[in-house]
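Q: Below are the sequence and a predicted model; questions follow.
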Amino acid sequence: MPDATIALSCDAVRKTFPGGVEALAGLNLEVREGAFLGLLGPNGAGKTTLIRSIVGLTRPSGGTIRVFGLPAGSPGDVEGRQLIGYAPQEIALDRFVPVRDTLTLHGRYFGMTRADARARADEMLRVFDLTDKADAFSNRLSGGMRRRLLLARALLHRPRLVILDEPTAGVDVELRQDLWQYITRLHADGTTILLTTHYLEEAEALCERVAFIRDGAVVADGAPDELRQRFNADKLEDVYLRLVGR
Amino acid sequence: MTAAKTLRRGQWRGVFALSEREVLRVLRLWSQTIAPQVIAAALFIVVFGIGLGGQIRVIDGVPYDRFIVPGLVLMGVGTAAFANNATSLYQARTEGFIEDPVSSSMTASQLAIGYTIGGVVRGLAIGVATLVVARIFVDFPVEHPFYMALMLVIAAVGFAALGTIVGLYSRGWELQAFVGNLLLQPLAFLGGVFYSVDALDQPWQGITQADPIFYMVDGTRYGLLGATDVSPWLSLGIATSLAAVILVWSWSLFVRGVGLRT
């Protein structure tokens, strides 16, 4: 019987792309409900492939993925997907739809009524300081606004597990601080968060636990302090370099 | 209400939202998505029907300017439904925003339905607009309105599904241009839009009768004018079978995640 207090469990997840590239090599990972996990690893380690497998955008070649005990990862696993909010690494927003409609459509894709989605969209616009841009098209927004819109969209349907794939990549220091605040508040409200990042200071500042991923497998995980002790290192960066550095 | 029932109800809200998004896109871009095709149809009526129609006058007992209207309506429906899905899906894939509905709680079949409805609505909007504009220039009856509506919906479904297939397989604009310009356009022109198959000698008569679009044009002509070269039920049967095959093909691509999931 799957444990519903485990927000995310990945058991021996494999993904081999056509051409033989093995992106995930029997990866195991468990995230408890309410936890904040940072997933760290170099480019090509398998972080994005793992995330895309969880949200159903990549088909794993093997293994099982469960979200709050429900199957996820296959196109038919709609109940599991309903519980996930996903902000991708690439800013991919529908340029034919204004900001408010971007949010309301997302809510309705996830089953919200038109009225609920609209009310929640207005709430998210306020939270992310986008109310002034509600009727603007996304291609008219600055990079920082688009990043905030992506985050607002991921949270719109009140997911229990939020997956953020490098949400602060390429943003200025001020916006990074703003995003950290949003994310911290979200976690304080009880939402489980899985975050990938290249910034180790970000992982240390935000995450209760970090997992290092290399060649498609988790090589170590634990609380930052615990990992520093275990590897007798002063900084998380040293642990990173020792475990996954090239 | 059970959780499963709530989820199912929510999923259909997603389908409506997806269809609505497609329709809104068409309306917002009306100068690219609606106006050119309606103007082209009006020009065909003015140039071929009214201008050159004086040389031909009557085909199968129908004045020429009236004779060409059903074919133009069908052509408008087909090309618009095809172009909508081919373009919209390709753009959504290459720009990445298709990931939002694909990673939602809608099933693959529901995604297929949502996109198909979008193409069908645009196709039918063009069809209705073409009829309205044609009526300004030409007086015509609507002999079998239900038959005509059914034929146009079936054609719109088939062409929208074909657009879906192209939109999901495309790696550039070439495939859409190839299918639209080198396949559909010749088939539409050889499908009896501007002539009756009875007026042709072999092998052109055989070629026209092997063209599936001929049956859609002939069926639409039966619905609008009551004139027909072949049995309207044969036309309906062929159009339905063809649309069903293409629809199943497009649906299977969504289920297999072609162009959507890696």
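A: Sure thing, it's come through.
Q: How about the residue of chain A found nearest chain B, nearest residue that isn't a chain neighbour?
A: Nearest to chain B, among the residues of chain A, is A:Gly111, at 2.1 Å (Cβ to the nearest Cβ). Backbone N, C-alpha and C define where each C-beta goes, glycine included. What sits nearest to A:Gly111 in space, not counting adjacent residues and going by Cβ to Cβ, 6 or more residues apart in numbering or on different chains, is B:Gly10, at 2.1 Å.
Q: Quick one: mean pLDDT over stretch A:158-172.
A: Averaged over stretch A:158-172, pLDDT sits at 86.
Q: first vs last residue of it, how far apart are they?
A: 27 Å (Cα to Cα, to the nearest Å).
Q: Pull out the buried positions in that stretch.
A: For stretch A:158-172, the neighbour count (16 or more other Cβ atoms under 10 Å in any protein chain shown) marks A:Pro159, A:Arg160, A:Leu161, A:Val162, A:Ile163, A:Leu164, A:Asp165, A:Glu166, A:Pro167, A:Thr168, A:Val171 as buried.
Q: what two of these are the furthest from one another?
A: A:Arg160 and A:Val171 (25.9 Å; Cβ to Cβ).
Q: B:Pro141 and B:Ala227 touch, don't they?
A: No. Using Cβ atoms under 8 Å, B:Pro141 is not in contact with B:Ala227; the gap is 10.8 Å.
Q: neighbour count winner among those two?
A: Counted by other Cβ atoms under 10 Å in any protein chain shown, B:Pro141 and B:Ala227 do not tie: B:Ala227 has more neighbours, with 17 against 10.
Q: Give the rounded mean pLDDT of stretch B:241-257.
A: Rounded mean pLDDT across stretch B:241-257 is 93.
Q: near chain B, which residues of chain A show up?
A: Applying Cβ under 8 Å from any Cβ of the partner chain, we find that chain A lies next to chain B at A:17, A:52, A:55-59, A:75-76, A:78-79, A:81-82, A:84, A:86, A:88, A:90, A:92-97, A:101, A:104-106, A:108-114, A:153.
Q: coming back round to it: show only the entries of the buried residues of stretch A:158-172 found in helices.
A: Among those, DSSP state H puts none in helices.
Q: burial count for B:Gln32?
A: B:Gln32: 12 neighbours (other Cβ under 10 Å).
Q: again with B:Thr94
A: Neighbours around B:Thr94, by other Cβ under 10 Å: 15.
Q: quick one: what helix or strand has it in it?
A: helix B:64-95 (DSSP states H and E).
Q: Go ahead and confirm A:Lys235 touches A:Asp225.
A: No. Counting by Cβ under 8 Å, A:Lys235 stays clear of A:Asp225, with 11.5 Å between them.
Q: Name the residue in the two with the higher neighbour count.
A: A:Lys235 (13 against 10).
Q: ok, for that one, nearest residue in space, not its chain neighbours?
A: A:Arg228 (7.2 Å).
Q: In three-state terms, label that neighbour for me.
A: Under DSSP: H, G, I helix; E, B strand; the rest coil, A:Arg228 falls in the helix class.
Q: Quick check: the gap between it and A:Thr197.
A: 18 Å (Cβ to Cβ, to the nearest Å).
Q: what about these two, which has more around it?
A: Comparing A:Arg228 with A:Thr197 by other Cβ under 10 Å, the one with more neighbours is A:Thr197, at 22 against 17.
Q: I figured the more buried one hits A:Ala203, correct?
A: Yes. The pair A:Thr197 / A:Ala203 is scored as a contact, 5.7 Å apart, by Cβ under 8 Å.
Q: Find residues that contact each of these two.
A: Jointly contacting A:Thr197 and A:Ala203 under the rule Cβ atoms under 8 Å, 6 or more residues apart in numbering or on different chains are A:Gly38, A:Leu40.
Q: what's the helix or strand following the helix holding B:Thr94 packed up against?
A: Using DSSP H and E, the helix or strand that follows helix B:64-95 in sequence is helix B:99-102. Counting contacts by 3 or more Cβ pairs under 8 Å, 6 or more residues apart in numbering or on different chains; DSSP states H and E, helix B:99-102 packs against helix A:99-109, helix B:108-137.
Q: in the next helix or strand after the longest one, what's buried?
A: Translated: helix B:108-137. Later in the chain than helix B:108-137, the nearest helix or strand by DSSP H and E is helix B:145-169. Across helix B:145-169, burial judged by 16+ other Cβ under 10 Å covers B:147-148, B:150-169.
Q: which one is B:Ile207 nearest to, not counting chain neighbours?
A: B:Ile207's closest residue in space is B:Leu190 (Cβ to Cβ, 6+ apart), at 6.4 Å.
Q: So which bits of stretch A:104-119 are buried?
A: A:Thr104, A:Leu105, A:His106, A:Gly107, A:Arg108, A:Tyr109, A:Phe110, A:Gly111, A:Met112, A:Asp116, A:Ala117, A:Arg118.
Q: Would you enumerate the residues in contact with the residue nearest to the fourth one when sequence neighbours are not counted?
A: Counting by Cβ to Cβ, 6+ apart, A:Ala117 is the residue found nearest to A:Gly107 once chain neighbours are left out, at 3.1 Å. A:Ala117 sits next to A:Leu103, A:Thr104, A:Leu105, A:His106, A:Gly107, A:Arg108, A:Leu156 when contact means Cβ under 8 Å, 6+ apart.
Q: at 10 Å instead, please
A: A:100-101, A:103-111, A:156-157, B:13, B:17 (Cβ atoms under 10 Å, 6 or more residues apart in numbering or on different chains).
Q: report the angle between the axes of the helix or strand harbouring it and helix A:99-109?
A: Assigned by DSSP H and E, A:Ala117 falls within helix A:114-127. Here helix A:114-127 runs at an angle of 130 degrees relative to helix A:99-109 (axes from the mean of the first three to the mean of the last three Cα atoms, to 10 degrees).
Q: Name the next helix or strand following helix A:114-127 along the chain.
A: Toward the C-terminus from helix A:114-127 - assigned by DSSP H and E - lies helix A:143-155.
Q: Helix, strand, or coil at A:Ala7?
A: strand.
Q: can you count the residues close to it?
A: Residues near A:Ala7, counting by other Cβ under 10 Å: 26.
Q: Now do the contacts for it.
A: A:30-35, A:37, A:66-69, A:83-84, A:160-162, A:191-194.
Q: can you tell me how far it sits from B:Phe16?
A: 30 Å.
Q: now A:Glu22: how far from B:Thr33?
A: 44 Å.
Q: Show the average pLDDT along stretch B:58-66.
A: Rounded mean pLDDT across stretch B:58-66 is 77.
Q: Quick one: end-to-end distance for that stretch.
A: End-to-end distance (Cα to Cα), stretch B:58-66: 9 Å.
Q: can you list residues touching both of A:Lys235 and A:Asp225?
A: In contact with both A:Lys235 and A:Asp225: A:Glu204, using Cβ under 10 Å, 6+ apart.
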